[in-house]
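[1] Sequence first, predicted model second:
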Amino acid sequence: MPTSSIATTFAAWARDLRAADVPAEVRQRTALRVADAVGLMAAAWSTPAGAAVREVAAELGGDGSRLLLDPAPLHPAAAALVHGTLVHTLDFDDTFPSSVIHPMSVLLPTALAVADGSRPGADLITAVAAGDELLARLGSAAGRGFHSRGFQATGVLGPLAAALVAGVSQGREPAAIASAMGLSGSMSGGLLEFLSDGTWSKRLHPGWAAHGGIVADGLAARGFPGPASVVEGRHGVFASFLDVPADEDAITEGLGDRWASAEAEVKLYPCAHVLHPFIEMALALRERVDAARVERIVCEVAPWYVPIVCEPVAEKTAPVTEYQARASLPAAVALALVDGRVGVASFEPDSVGRDAVRALARRVEYVADPALAEGFGARMHVVAGGERFDGDPAVQVDEAAAVRRKFDDNTGGADALWTAARHLDDHTVDDLYESAAELTR
């Protein structure tokens, strides 16, 4: 094992990280995102994808963990597989804009799966914050390179963060954590081929990443070593997936002082995050524009959005499956203008297939502008009745209040569960599970 590597640096830092070392604002926002993810587990529980992954996990069996809404024992890796898939199923989970990684769908399922329920929830928040920082920094270094090569970044880097969280949560030594991260690199993957037909493989990526990280942790703890040079090595993740070097100094600079994970953005709509500013603009414009009089809708997009939400045009204009619709710019804008809201049911075929939505979607055009590559850049204008109406891409939202409304929509207003999740610093993990029982009564 090398004396110093990105994995060994993060393993040593994370192993020694204490609750007091994490700034209050970072902890509070991490807890908000934890609560958001808990709500998504509940929302996706009975979906076809949720039911399928729960049935597979039950067949795998085992013990040592359980699901938030089911007391039956499961192996921790199986529990993480289910929870990770549930959080991501509705495409409603948080994102790092610079890399399009979905962190909480990997981190929380891993932490819950291996947690000692009697310990303070503050320990779980701390472990999640460490994994969050790893994903933020690796993702920032990679940019959108994984996506440009046909991989979902969550599936590539998620196993490494899961191994880190699993090791920290169980008190492993730094060498064992780094070794587990090394093993987890061989579990990296996640193809974007689902974009071709709207099938479900993407939903599996975070759960599979969490599953892989926990398996790697178990193996490393039993003396099964992995390469600590997994990130920057000549056959490491960056070289193999991106064909670029990983700069250890840049990735680890200011670790513990500068929190790159602060860039995470929660989702307020259940679709590709790049669509959110267009939905916000469309909702605001709806107050001034009659959807029935719209002649053209011109959306200015970053070039990297194009293969995800703009092309092929025929498919994006008339998506067949709900998963295709969740990655369709024309559908998202049309839904916002026609309905005045975009929610979980909006992207179902019966909703997207309405004549009014389809007709408006056909009027959506896109123009690629490299100047919009930063974050989720967007501009939009609507032409209606011969008049032009410009959207405002800087719509301000009260994030905490919006997440609470989203949680209530997803859970039916589970107050005790919200309190336990949102204020996990002041509760135990057992408290979280017990409060979830209100949803199963």
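    In hand now; what should we look at?

[2] just the helices in the stretch 301-441 of the chain please.
    In the stretch 301-441 of the chain, the helices defined using DSSP state H, counting those that start in this stretch lie at 313-317, 322-325, 329-339, 349-352, 355-361, 399-411, 415-422, 429-436.

[3] now do the stretch 101-250 of the chain
    Using DSSP H, counting those that start in this stretch, helices in the stretch 101-250 of the chain cover 104-114, 121-142, 145-148, 153-169, 174-184, 201-221, 237, 248-252.

[4] Next one, pLDDT for Arg441 please.
    Note for Arg441: predicted pLDDT of 70.

[5] and if you look at Met1?
    47.

[6] Spit out the contact partners of the residue located most distally from the centre of the chain.
    What lies farthest from the middle of the chain is Gly386; by C-alpha atoms, centre = their mean that is 40.4 Å. Shown in contact with Gly386 (C-beta atoms under 8 Å, 6 or more residues apart in numbering): Glu295. Bear in mind the C-beta positions are built from the backbone N, C-alpha and C, glycine included.

[7] Check Asn410 too.
    Gly39, Leu40, Ala42, Ala43, Val344.

[8] Tell me how many other residues surround Asp398.
    9 (other C-beta atoms under 10 Å).

[9] I'd like the distance between it and Ile279.
    As judged by C-beta to C-beta, to the nearest Å, Asp398 and Ile279 stand 17 Å apart.

[10] per the record, what domains does the chain have?
    What automatic domain parsing lists as the domains of the chain is 6-263, 273-390.

[11] follow-up on the earlier one: dump the contacts of Asn410 to CSV, plus pLDDT and distance to Ala178.
    Formatted as CSV, the contacts of Asn410 follow (pLDDT from 0 to 100; distance: C-beta to C-beta, whole Å):
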residue, pLDDT, distance to Ala178
Gly39, 98, 34
Leu40, 98, 31
Ala42, 97, 35
Ala43, 97, 36
Val344, 92, 40
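
[12] Restricted to helices, list those residues.
    The helices, defined by DSSP state H, take in Gly39, Leu40, Ala42, Ala43 from these.

[13] returning to what we had before: can you tell me how far the residue farthest from the centre of the chain is from Arg296?
    11 Å.

[14] out of the domains of the chain, which comes closest to Asp409?
    Proximity to Asp409 (C-beta to C-beta) singles out domain 273-390 among the domains of the chain, at 7.0 Å.

[15] first vs last residue of the closest one, how far apart are they?
    End-to-end span of domain 273-390 (C-alpha to C-alpha, to the nearest Å): 21 Å.

[16] repeat for stretch 322-337
    18 Å.

[17] Tell me which of the helices of the stretch 301-441 of the chain is the most buried.
    Mean neighbour count, computed with mean count of other C-beta atoms under 10 Å, is highest for helix 329-339 among those, reaching a mean of 27.

[18] what about that one, distance to the chain center?
    Averaging C-alpha positions (C-alpha atoms, centre = their mean, to the nearest Å) puts helix 329-339 23 Å from its chain's average.

[19] cool, and stretch 184-192?
    On C-alpha atoms, centre = their mean, the centre of stretch 184-192 falls 16 Å from the chain's centre.

[20] any idea which residue sits dead centre in this structure?
    His102 (2.3 Å).

[21] Would you mind measuring from it to His381?
    30 Å.

[22] Ok, Ala161 next?
    40 Å.

[23] Which one's more surrounded, the two?
    Ala161 (32 against 15).

[24] thought that one was touching Met104?
    No: assessed by C-beta atoms under 8 Å, Ala161 is found out of contact with Met104, at 10.7 Å.

[25] For Pro174, give me the pLDDT.
    For Pro174, the model assigns a pLDDT of 98.

[26] That one: neighbouring residues, count only.
    With other C-beta under 10 Å as criterion, Pro174 counts 20.

[27] Now do it against Thr428, distance only.
    Taking C-beta to C-beta, one finds Pro174 at 26 Å from Thr428.

[28] repeat for Leu219
    29 Å.

[29] so how far is stretch 187-196 from its chain's centroid?
    15 Å.

[30] hmm, I was thinking of stretch 257-275
    For stretch 257-275, the distance to the chain centre is 8 Å (C-alpha atoms, centre = their mean).

[31] got it, and stretch 303-317?
    21 Å.

[32] With adjacent residues omitted, what lies nearest to Gly218?
    Ala77 (7.7 Å; C-beta to C-beta, 6 or more residues apart in numbering).

[33] in what helix or strand does that neighbour lie?
    Using DSSP states H and E, Ala77 maps to helix 76-89.

[34] Any buried residues in that helix, and which?
    Using 16 or more other C-beta atoms under 10 Å as the burial criterion, the residues of helix 76-89 that qualify are 76-89.

[35] So which of the residues you listed is the closest to Glu25?
    Distances from Glu25 to these, taken by C-beta to C-beta, are shortest for Val87, at 23.1 Å.

[36] got the contact list for the nearest residue to the closest one once chain neighbours are set aside?
    Of all residues not flanking Val87 in the chain, Ser105 sits nearest, at 3.9 Å (C-beta to C-beta, 6+ apart). Residues in contact with Ser105, defined by C-beta under 8 Å, 6+ apart, are Ala37, Leu40, Gly84, Val87, His88, Asp93, Thr154, Pro206, Gly207.

[37] cool, Ile214 as well?
    Pro76, Ala77, Ala80, Thr110, Ala113, Val114, Ala162, Ala163, Ala166.

[38] Now distance to Ala327 and pLDDT too, for those, in CSV please.
    Shown next, in CSV, are these (distance: C-beta to C-beta, whole Å; pLDDT from 0 to 100):
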residue, distance to Ala327, pLDDT
Pro76, 32, 98
Ala77, 29, 98
Ala80, 25, 98
Thr110, 26, 98
Ala113, 29, 98
Val114, 32, 98
Ala162, 25, 99
Ala163, 29, 98
Ala166, 31, 98
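
[39] Same list (those residues) but as a markdown table, adding distance to Arg362.
    Output for the contacts of Ile214, formatted as a markdown table (distance: C-beta to C-beta, whole Å):
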| residue | distance to Arg362 |
| --- | --- |
| Pro76 | 48 |
| Ala77 | 46 |
| Ala80 | 42 |
| Thr110 | 43 |
| Ala113 | 45 |
| Val114 | 49 |
| Ala162 | 42 |
| Ala163 | 47 |
| Ala166 | 48 |
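
[40] Tell me the one of these nearest Ser184?
    Ala163 (4.2 Å).

[41] wait, isn't the closest one in contact with Ala180?
    Yes: between Ala163 and Ala180 there is a contact at 4.0 Å, judged by C-beta under 8 Å.

[42] quick one, which of these two is more surrounded?
    Each of Ala163 and Ala180 has its neighbours counted (other C-beta under 10 Å); Ala163 has more, 40 against 33.
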